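**Student:** need a structure here:
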Amino acid sequence: MTYAIDVHVHVFPDELADRAVASLAAAANIKSYGTGTIRDLLERMDRANVRRAVLVSIATRPAQVKKINDWLWKQRGERLIPFAAIHPDDPELFDEIRRVKAMGFKGVKLHPNYQEFYPDEERIIELGRALADAGLILLLHGGVDWAFEEVKASPSRIARLKEAVPALTLIVAHLGGYERWMEVEQTLVGSDIYFDVSFTLPYLKIDDFFRIARKHGVEKLLFGTDYPWQDMAEGIALLSETGLTEEELTAILHGNAERLLNLD
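**Tutor:** Okay, here's the model as predicted:
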């Protein structure tokens, strides 16, 4: 089996990982498949033949941003590609965007529920324009998050963000919107937006996944697991059972990510 690049993994400093993973698992009533540390991540990557991974963290408060980003940047290497954490309420938001761009980050991560925003708010559109101008990718949570009742990142709101900022390179997690795949098919499929497939295949019928993948364009799909919330080997195995061709699987598992992230 060809190797994979996981574009969506969450990691924490060793001293915080146990507490953070336990708290998040309890809030969402979800099982974890790993400890959330860099060491555990690399071990699981080795077992699943995942060559590279994109590290993401969510800043739940503006005061966390610089500390998180400095830590993430220290984890970078041949196998680990950090995306920066930003917070829409950060009074130094645009300075931080310029700082992480200068450091060498390729993208940033946002989560509407944990950071209290809707993707089509004017301030988020302004943020999106700044990211587009900086040439930074935005990885955005899409759809339901089990820890919250409200769906802030609906596919329709995400569509309006992309329409307002067409130059923004946007990856929407969970095939465009977890548990909102009918709306994804109506509003996002066929657009110039990447979807990662993290936390999707165990919960979406294979026929529905296959249809959405082909209609949207396999060249815009990226392998991801949302580690530690999905097992990497299982994610690869489920993808291989969807009926896609070997060429399509190779594109999703690593080819599309290599092109998007400009990797060797």
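
**Student:** now the nearest residue to Ile193 once chain neighbours are set aside: how far from Met182?
**Tutor:** Closest residue in space to Ile193, ignoring its immediate chain neighbours: Leu170 at 5.0 Å, by Cβ to Cβ, 6 or more residues apart in numbering. Placement of C-beta: from N, CA and C, glycine included. Leu170 is 20 Å from Met182, where distance means Cβ to Cβ, to the nearest Å.

**Student:** Give me the more crowded residue out of the two.
**Tutor:** Leu170 (25 against 12; other Cβ atoms under 10 Å).

**Student:** Please name the bridge partners of that one.
**Tutor:** Beta-bridge partners of Leu170, counted by DSSP bridges, are Leu138.

**Student:** quick one, what contacts it?
**Tutor:** Contacts for Leu170 were tallied using Cβ atoms under 8 Å, 6 or more residues apart in numbering; they are Ile137, Leu138, Leu140, Ile158, Leu161, Lys162, Ile193, Tyr194.

**Student:** Tell me the one among those nearest to Asp6.
**Tutor:** Tyr194 (14.2 Å; Cβ to Cβ).

**Student:** which of the contacts of Leu170 lies closest to Ile212?
**Tutor:** Ile212 has its nearest neighbour among the contacts of Leu170 in Ile193, at 12.5 Å by Cβ to Cβ.

**Student:** Tell me which residues are up against stretch 231-238.
**Tutor:** Residues from elsewhere that reach stretch 231-238 (Cβ under 8 Å, 6+ apart): 1, 4, 6, 33, 44-45, 47-50, 197-198, 201-202, 223-225, 253.

**Student:** His254 reaches Phe223, doesn't it?
**Tutor:** Yes. Contact status for His254 versus Phe223: in contact at 7.2 Å, counting by Cβ atoms under 8 Å.

**Student:** Which one's more surrounded, these two?
**Tutor:** Here His254 and Phe223 are set side by side on neighbour count (other Cβ under 10 Å), and the busier one is Phe223, at 25 against 22.

**Student:** coming back round to it: overlap in contacts of His254 and Phe223?
**Tutor:** Shared between the contact lists of His254 and Phe223 (criterion: Cβ under 8 Å, 6+ apart) are residues Ala4, Ile5.

**Student:** Please identify which of the contacts of Leu170 is nearest to Glu96.
**Tutor:** Using Cβ to Cβ, the shortest approach to Glu96 within those belongs to Leu138, at 14.1 Å.

**Student:** Count the neighbours of that closest one for me.
**Tutor:** Using other Cβ under 10 Å, the number of residues around Leu138 comes to 24.

**Student:** if we can go back for a sec, from the contacts of stretch 231-238, list the buried ones, please.
**Tutor:** 4, 6, 33, 44-45, 48, 50, 197-198, 201, 223-225, 253 (16 or more other Cβ atoms under 10 Å).

**Student:** how about TSV for the residues you listed, with secondary structure and pLDDT added?
**Tutor:** Putting the buried ones among the contacts of stretch 231-238 into TSV (DSSP: H, G, I helix; E, B strand; the rest coil; pLDDT from 0 to 100) gives the following:
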residue	secondary structure	pLDDT
Ala4	strand	98
Asp6	strand	98
Tyr33	coil	95
Arg44	helix	98
Met45	helix	98
Ala48	helix	98
Val50	strand	98
Val197	coil	98
Ser198	coil	97
Leu201	coil	93
Phe223	coil	98
Gly224	coil	98
Thr225	coil	97
Leu253	helix	98
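
**Student:** returning to that earlier point: and the pLDDT at the residue nearest to Ile193?
**Tutor:** Per-residue confidence at Leu170 stands at 98 (pLDDT).

**Student:** Then Asp264?
**Tutor:** With respect to pLDDT, Asp264 has a value of 79.

**Student:** what's the answer for Thr2, then?
**Tutor:** Predicted confidence (pLDDT) for Thr2: 86.
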